Each structure stands twice: as C-alpha cells, then as structure tokens.
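# Task: produce atomic coordinates for the following.
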Amino acid sequence: MSGINYSPIGRPFIISAVLLSFFGVSIGSLWMFSLLGIRIAEVSDLFQIHKTVQTEGFLTLMIMGVSYMIIPRFRNAALPSNNLAALSFVLVLVSLILELVQKVSRSESLAYSELIRLGGIMIFASMSIYTIRIAPKLLREADYFFIMAIIMLSLIHILPLVTAAEINTLNYIQVWLMFPTLMIFGVKYKTLPSFLGFIRPRRNLTVACLAAAAVGCALGIASMYYGDAVILIAFNVVMILTALLFAASSYIYGGFDNSEILKMMPGEKKARYDMIQRHTRIAFLFLIAGFTMGIMFYLYNGFLFYDLAIHYTAIGFIGITIMLFLPLMLPPIIGKSIEFLKFSRVPLLLIVAALGLRTAGNYIIEKSVHSDLTVVFATSGLLVLAGMLWFIVMIHKSMSEIPSVNVEFKKK
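Modelled structure (predicted):
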C-alpha cells in the first residue's frame, strides 16, 4: 500500500512528549516511594513539578502534535502553517522550562511562563479551528469533540490569568484532563468505525453524548469557581454518562455481529483488530472508574480517592489510549510499517498491574498500614516505566521498511 508523506511537524511534539513522560513518571515513582515512607531527600524538591511535567509538558505536546497531523488528515487538507505550528511548539516548550525552573527555585511569579504558554496554545487553537471549518466527507460529529477539547484547553489557561479560578484542587485537574479526553473521543469516533469493520456509530446516542459532554464542560468550568459538592459530584456523574454514551454509540463493548469480519481478516489485520478492542475496552473501564473515584472523593474525601481519580484517568484511560494509537499513527511519520503480529500484551499488563499496585499503595497511605512489604506497593511507578520501555522496544522491533510515495499538499 502506498503512503502519503504528511508534514512531519508533529514529530518534535511527540518526541519531546515521550521524553517528558519518562521524566514525569520517574518523578512520580520517587514520590510514591516517599509517600510510603521511603524518603529520598535529594530529589524531594522535584515532586512539585510532577503535575506540570505531565500535563503542561507530556499531554499538551503529545495532543498538540497528534492534532496537527490528524485534524488536517481527516479532511485531506494541509495544515495552515507549519511555521506557526513550530512556533507554538517552541512557545509551549520554553514556557514549560521556565515554569519548572521557577517552581524548583521557588519563584513566586509564574506569569511570564503562563503568558508564553498561552501564546503557543492560542496558535494551536486558532489553526485547529481554522482547519476544522473544512467539512470532512464522513462523521462530522467528531469535530464537535475536537472543538470542545480545544475550548477547554484554552479556558483552563485563560481563566486562571484573568479571574480567581481555583487551580490547586482535584476538580481543576479533572477539568484539565477533559482536553485530552475529549480529543481522544474525537479521534476514536472518527477511526473506530473503520477499525471495527465500517460500523457507523449510532447517531442518536452520539448526539446525546455530545450534549452530555457539553454539560460536563459547563459544570467543570463552574466547579473552578463554586466548590459546592453538588456541582462537583454532578460533573463526575455527567462525565460517566458521557463515557457510557460514547461507548454505546461506537460499539466499544459490542452490539454488532463481527464474526464474518473476523473470518475474512488475515493475521496482521486480526492482530490489529484485537489490540484495538482490548486497549479501548480497558481504557474506557479506567475512565469510568476515574470519575467514580471523583464522586467518592467528594462524598468521603481521602487521598485514596483523590489520587486514583487522577491516575485512573491519566494513566488508565489516556495512557493506554496513547499506547493504542501511537503505533497506528507512526507509519506516516517514520515511513515504516508496523507489524502488529509482533506485538506483545506485556506493556498493557504492566500498566494495569501498576495501577493495581498504586491502588493498594494508596490504601496503605490512607490507613497508615505499613509493613516490610510496603516497598512492593511503592514500585507502581517503576512498573509504568517498565511498560513504557517495553512498549518502545516492541514498536522498534515490529518496524519494517515500506515504499514511500512523496506526495505533498500544496496551499491553494
């Protein structure tokens, strides 16, 4: 199959995001050891930058880079400006470095880094919305998920600068994670039908899902100003409903006869099909579990629910979904094909095991139940790192050369 060499502008975003993810997970791993009583004083000052590295670094750059590639590709169009995309990358990366230095040095003012980052995000938002105005041939509904995601990314960076929005709470982190979550919804809505056998999503459920997502966005923004438990719980309930509606509309847990499709699939496509179903189903279970932990936190409080509400969503849903889509998107970037028959389930099992250990470790922290086995539960972050490394090695070993066709989009 011939390939089209799309703009490589997403490459620096994705490479930087992957490197930052290793850095962020490493900090988080050491932090987990510290929380379980195994102190590492030399690096304790780095714990405060864990969230910034993972959200403003890894997730922001990863989703921006992927969006710059797939949003134009979904409508067979060119990115408005590669130079502006590169500028947005530089601004976000420079702002991240500045903020990390300011936090480690305990500087009180982060305004410069936040304004620089906002400039990069506004470039990304403007170009994405400009590209989305071009109607795709199929599944236009995906664009509404993209638009809501871009709006949420913009608002969570604008509002704290101009208003007294509360940003050091669980609900702010949950609202922040709506950006990658909704962007993932858009990508899955656009791609799952072809991956699962050209099954068109259920339109009525899709409309209901979009409506629920819009309500969730409104409640999320409101929760940044009004810390009322009713609003906070309602936000999590609505987001669970959104996830369930999306899963039902896109046949994530079945609902159609795929027996004939599977019979006709050769080994390579069957391996890819199984991977997509497996990762997607597990990821959505973690997403629903994450918002359920959010409800539990607002009902009963406690570090256990707080931490799991974040990491079930960030690692369990977003992380596993990135593990799914990265090998599917790599061929246009690297000019090589990926052989899914060479894939292993080990990275996924390591991530799931890590979240299981984290759950047990958080229970120990919550109940102050320490023993000689405590160190075992502190290794959850190390398992995540092991899963990431195994995943990268697995992809490298599964690559094979393919003939490339140099086709470039030209601006009108």
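# what about the closest residue to Ala360 other than its chain neighbours, how many neighbours?
Computed as CB to CB, 6 or more residues apart in numbering, the closest residue to Ala360 that is not its neighbour in sequence is Phe377, at 5.0 Å. Using the backbone N, CA and C atoms, a C-beta is placed for each residue, glycine as well. Using other CB atoms under 10 Å, Phe377 has 21 neighbouring residues.
# and Phe377, what does it touch?
Phe377 sits next to Leu36, Leu357, Arg358, Ala360, Gly361, Ile364 when contact means CB atoms under 8 Å, 6 or more residues apart in numbering.
# any idea how far Ile63 is from the residue positioned nearest the centre of the chain?
Geometric centre of the chain, nearest residue: Ile318, 3.6 Å, by CA atoms, centre = their mean. Ile318 is 9 Å from Ile63, where distance means CB to CB, to the nearest Å.
# any shared contact partners between the two?
Contacts common to Ile318 and Ile63, judged by CB under 8 Å, 6+ apart, are Pro180.
# Could you give the average pLDDT over the longest helix seen in the chain?
Longest helix of the chain, by residue count under DSSP state H: helix 267-300. What helix 267-300 shows for mean pLDDT is 91.
# Name the helix or strand for Leu382, please.
In this assignment (DSSP states H and E), Leu382 forms part of helix 380-397.
# so what does that helix touch, helix or strand wise?
Under the contact criterion of 3 or more CB pairs under 8 Å, 6 or more residues apart in numbering; DSSP states H and E, helix 380-397 touches helix 10-35, helix 320-334, helix 346-367.
# Next, the angle from the first one to helix 346-367.
Taking axes from the mean of the first three to the mean of the last three CA atoms, to 10 degrees, one finds that helix 10-35 is oriented at 40 degrees with respect to helix 346-367.
# ok, then the element right after helix 10-35?
helix 50-52.
# what's the distance between that next one and the middle of its chain?
With CA atoms, centre = their mean, to the nearest Å as the basis, helix 50-52 stands 15 Å off its chain's centre.
# Any chance you could list what contacts that helix?
By CB under 8 Å, 6+ apart, helix 50-52 touches Gly24, Ile27, Gly28, Trp31, Leu96, Glu99, Leu100, Lys103, Ile173.
# separation between Met345 and Ala271?
For residue 345 the amino acid is Arg, not Met. Taking CB to CB, one finds Arg345 at 11 Å from Ala271.
# Give me the helices and strands touching the next helix or strand after the longest helix of the chain, please.
As assigned by DSSP H and E, the chain's next helix or strand after helix 267-300 is helix 303-311. On a contact count with 3+ CB pairs under 8 Å, 6+ apart, helix 303-311 meets helix 170-195, helix 267-300, helix 346-367.
# what's helix 303-311 in contact with?
For helix 303-311, using CB under 8 Å, 6+ apart, the contacting residues are 170, 173-174, 177, 289-291, 293-294, 296-297, 355, 358-359, 362-363, 365-366.
# Do I have it right that Ser400 meets Glu339?
Yes. Counting by CB atoms under 8 Å, Ser400 does reach Glu339; the two are 5.8 Å apart.
# How about the contacts made by Ile9?
Gly65, Tyr68, Met69, Leu79, Asn82, Ala85, Ala86.
# re the thing from before, looking at Arg345 and Ala271, which one has more neighbours?
Between Arg345 and Ala271, counted using other CB under 10 Å, the more crowded position is Ala271 (16 against 12).
# Now the more buried one: closest residue in space, sequence neighbours ignored.
Phe340 (4.0 Å).
# For that neighbour, give me its contacts.
Phe340 neighbours (CB under 8 Å, 6+ apart): Glu268, Ala271, Arg272, Met275, Pro327, Ser398.
# likewise Phe317?
So Phe317 contacts Thr181, Ile184, Ala283, Phe284, Phe286, Leu287, Gly290 (CB under 8 Å, 6+ apart).
# swap in Val215?
Here Val215 is in contact with Val238 (criterion: CB under 8 Å, 6+ apart).
# again, only using 10 Å
Ala234, Phe235, Val238, Met239, Leu241, Thr242 (CB atoms under 10 Å, 6 or more residues apart in numbering).
# List the buried residues in the strand or helix carrying the third one.
Spelled out, it's Val238. Assigned by DSSP H and E, Val238 belongs to helix 229-249. Within helix 229-249, the residues scored as buried using 16 or more other CB atoms under 10 Å are 231-249.
# This completes my enquiry, with thanks.
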